[in-house]
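Asker: turn this into a model:
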Amino acid sequence: MKRTVKIATGLVVVFMAISGTALAQPYGNARLVSPPQYGQIKMVLGAARLVAQPAAECSAEGKPWVSAPCFDPVFARLRQTGEPSATVVGLFRPALDGEIMRGTYGYDFALFDVTKQGAKFNVAKIDLQTSAVRAPKDCFSLPDEDVFYRMDRRGTVSVAQEMLTVVCGGAPKRTYGGYMAQGASLPAQEPAVGQAPNLSGPLWVTTEKRFLKGERRYLAIKDGDCPKDQRVDGDYCAPAAVAAFAGNAELKELDLIASEHRIEEGAALTDKDIDQWVLKRKGKGPKQKLEADDRWFAHSNLQAIPGCTPIKDTTYRVVRHEESLYVQEEVLAQCGAPPAPSPFATYEAYGDERPVAQFKPGCPKDLTMLSNICFDEVVAYMETYNHQALDVVVLNRPARDRDYLFSGGPVSYDMAKVKFYDGSRYEADRKSSYNSRPITLPGCSQMPNAPSEAKGWVLTRRGRTMMAVEYQWFSCPVN
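Answerer: Purely as a prediction, here's the structure:
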């Protein structure tokens, strides 16, 4: 329902000279809504592993190769307990009880699978570092922190207790190491010898390093030793790819990796060593041939493992299958808790501001529109700044300075368009939608999963006029 208000046109002329201020003015500086949520540094425990380390005296059986640590104590423990196997931490320098062991895998230490075979034992090195550490889902990994070991004495048995420093419940206050764990470890109870700890609740995948691998891909080698009919693009040998076309008349194209250098099984190639091609059939009948085209974009068929993130560049490993050479993509990945989030504070930034109309007892009838809403302050504002039409905020219940308006909030509101007609009357219509100008805050980003109160209007009184200032919350990095 429209309501009309008539005014003296002379008032407009008087107020026009007061100010030429633009409508949209920023509302001061961004306001801190909430500081960063910092977490606690915690220590997560893994298994208590049996230890093999250098010894002055060691049996021939306990030292399977010249540079091996001594496995005699491990063998004696397995014979005593009857356990058929164990994962053992092998140290390449002696360590004392209580000492912390970190270092380069394969140089300072390594893990070994020890299995009992009859009266003897088999010792095999594990290629990549693994563990029994599984961090709770509200914990995150820290830069340059990996599983390490604390040397312990459990009765007469020497063990290496797996440990990992993480941050739980938020971001770390610093990201450059020297972390000090707070409170009890996770779990507080240390595991028995050779056993993994018992942690309840949702957990991340095991902390370890793994290779992500893809399917075999066809290989073409420049100047290889093969018949002419097995060559593509002039002088590249691709016998397996050519055979694939010969054995399947419906095959139109296939993926092909090309190397300019002669390579052997086991070679590791990088992106700089290869070209990626698409091998296609061209022509028909007797004139049909195979033609190689460069790929516009690199293709990968690496198979992801949940909870594992690549930490190295992709390698193309040359492998043999049925007498032919292929390549297989592989990349080293770190598995376990994801990296800790960066600390972010929440700030409130401001955009457009609009005058406010709301119910007022005793409002003059000629300033009441939209049933019972008083537009006295809106009309005064429009006269002051010479607005012929203006979007305004209409409150459906009274509100006060610094109240917030947002979807689902305690104060219901609408938008309305107010127009000045014929130099003598104002009319107001509610709007079904309102398109505001975007609010930005340099260096910050919009909040992910923002609550409803993260965007709306905040009321503020400017002299005699109640204004609604549009606001939005942003996530801002903390240095």
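
Asker: flag the shaky bits of the stretch 251-400 of the chain, pLDDT-wise.
Answerer: Judged against pLDDT under 70, the stretch 251-400 of the chain has no low-scoring part.

Asker: which stretches of it form helices?
Answerer: Secondary structure of the stretch 251-400 of the chain, counting by DSSP state H, counting those that start in this stretch: helices at 376-385.

Asker: quick one, strands of it?
Answerer: 253-259, 268-269, 274-282, 289-294, 308-310, 315-321, 324-335, 344-357, 368-369, 373-374, 389-395 (DSSP state E, counting those that start in this stretch).

Asker: now do the buried residues in the fourth one.
Answerer: In other words, strand 289-294. 290, 292 (16 or more other CB atoms under 10 Å). Where you see a C-beta, it was placed from the backbone N, CA and C, and this is true even at glycine.

Asker: could you export the strands of the stretch 251-400 of the chain as a markdown table, including distance to residue 219?
Answerer: As requested, the strands of the stretch 251-400 of the chain are exported to a markdown table (distance: least, CB to CB, whole Å):
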| stretch | distance to residue 219 |
| --- | --- |
| strand 253-259 | 5 |
| strand 268-269 | 10 |
| strand 274-282 | 9 |
| strand 289-294 | 12 |
| strand 308-310 | 23 |
| strand 315-321 | 7 |
| strand 324-335 | 5 |
| strand 344-357 | 47 |
| strand 368-369 | 78 |
| strand 373-374 | 77 |
| strand 389-395 | 66 |
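
Asker: and those: which comes nearest residue 233?
Answerer: Among the strands of the stretch 251-400 of the chain, strand 289-294 comes nearest to residue 233, with 4.4 Å by CB to CB.

Asker: quick one: the closest one to strand 253-259, angle?
Answerer: 60 degrees (axes from the mean of the first three to the mean of the last three CA atoms, to 10 degrees).

Asker: can you list the strands that strand 289-294 pairs with?
Answerer: Strands flanking strand 289-294 in the sheet, each with its direction: strand 274-282 (antiparallel) (DSSP bridges).

Asker: in the partner strand, what's buried?
Answerer: In terms of neighbour count (16+ other CB under 10 Å), strand 274-282 has its buried residues at 274, 275, 276, 277, 279, 280.

Asker: just the closest of the residues you listed to residue 443, please.
Answerer: When these are compared for distance to residue 443 (CB to CB), residue 276 comes out closest, at 38.2 Å.

Asker: please name the bridge partners of the closest one.
Answerer: Judged by DSSP bridges, the bridge partners of residue 276 are residue 257.

Asker: that one against residue 295, yeah?
Answerer: Yes. Shown here, residue 276 and residue 295 form a contact pair, counting by CB atoms under 8 Å, at 4.3 Å.

Asker: what's the first helix or strand after the strand or helix carrying residue 219?
Answerer: Per DSSP states H and E: residue 219 is located in strand 208-222. From strand 208-222 onward toward the C-terminus, using DSSP H and E, the following helix or strand is strand 231-232.

Asker: just checking, what packs against that following strand?
Answerer: Helices and strands in packing contact with strand 231-232 are listed as strand 289-294; criterion 3 or more CB pairs under 8 Å, 6 or more residues apart in numbering; DSSP states H and E.

Asker: picking up where we left off before, okay, the buried residues of strand 274-282 in TSV with distance to residue 183 next?
Answerer: What follows is those, written out as TSV (distance: CB to CB, whole Å):
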residue	distance to residue 183
274	51
275	55
276	51
277	57
279	60
280	63
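
Asker: report the two of the residues you listed separated the most.
Answerer: Across the buried residues of strand 274-282, the longest distance by CB to CB is 18.7 Å; it joins 274 and 280.

Asker: doesn't residue 76 belong to a helix?
Answerer: Yes. Under DSSP: H, G, I helix; E, B strand; the rest coil, residue 76 sits within a helix.

Asker: that one: how many residues sit nearby?
Answerer: With neighbours defined by other CB atoms under 10 Å, the count for residue 76 comes to 13.

Asker: same question for residue 229.
Answerer: The tally of other residues near residue 229 (other CB under 10 Å) stands at 8.

Asker: now swap in residue 432 and tell me
Answerer: Other residues within reach of residue 432 by the criterion other CB under 10 Å amount to 6.

Asker: residue 414 now?
Answerer: Counted with other CB under 10 Å, the burial measure for residue 414 works out to 16 neighbours.

Asker: repeat that for residue 391.
Answerer: 17.

Asker: so who does it touch?
Answerer: Applying CB atoms under 8 Å, 6 or more residues apart in numbering, one finds that residue 391 lies in contact with 354, 415, 416, 417, 418, 431, 434.

Asker: just the buried members of those?
Answerer: The buried subset of the contacts of residue 391 - by 16+ other CB under 10 Å - is 354, 415, 416, 418.

Asker: on the three-state scheme, the third one is what?
Answerer: Spelled out, it's residue 416. Under the three-state scheme (three-state DSSP), residue 416 adopts strand.

Asker: do the one 10 residues further on as well
Answerer: Residue 426 carries the three-state label strand when classified by three-state DSSP.

Asker: state the distance from it to residue 50.
Answerer: Look at residue 426 and residue 50: by CB to CB, to the nearest Å, they are 87 Å apart.

Asker: same check, this time on residue 339
Answerer: From residue 339 over to residue 50 the distance is 31 Å, taken as CB to CB.

Asker: tell me which of these two has more neighbours.
Answerer: Between residue 339 and residue 50, counted using other CB under 10 Å, residue 50 has the larger neighbour count: 25 against 13.

Asker: from what I can see the more buried one touches residue 88, true?
Answerer: Yes. In terms of CB under 8 Å, residue 50 counts as a neighbour of residue 88; the distance is 4.9 Å.

Asker: joint contacts of those two?
Answerer: Taking CB under 8 Å, 6+ apart as the contact rule, residue 50 and residue 88 both touch 74, 114.

Asker: just the pLDDT for the closest residue to residue 454 other than its chain neighbours.
Answerer: Counting by CB to CB, 6 or more residues apart in numbering, residue 473 is the residue found nearest to residue 454 once chain neighbours are left out, at 4.0 Å. Note for residue 473: predicted pLDDT of 96.
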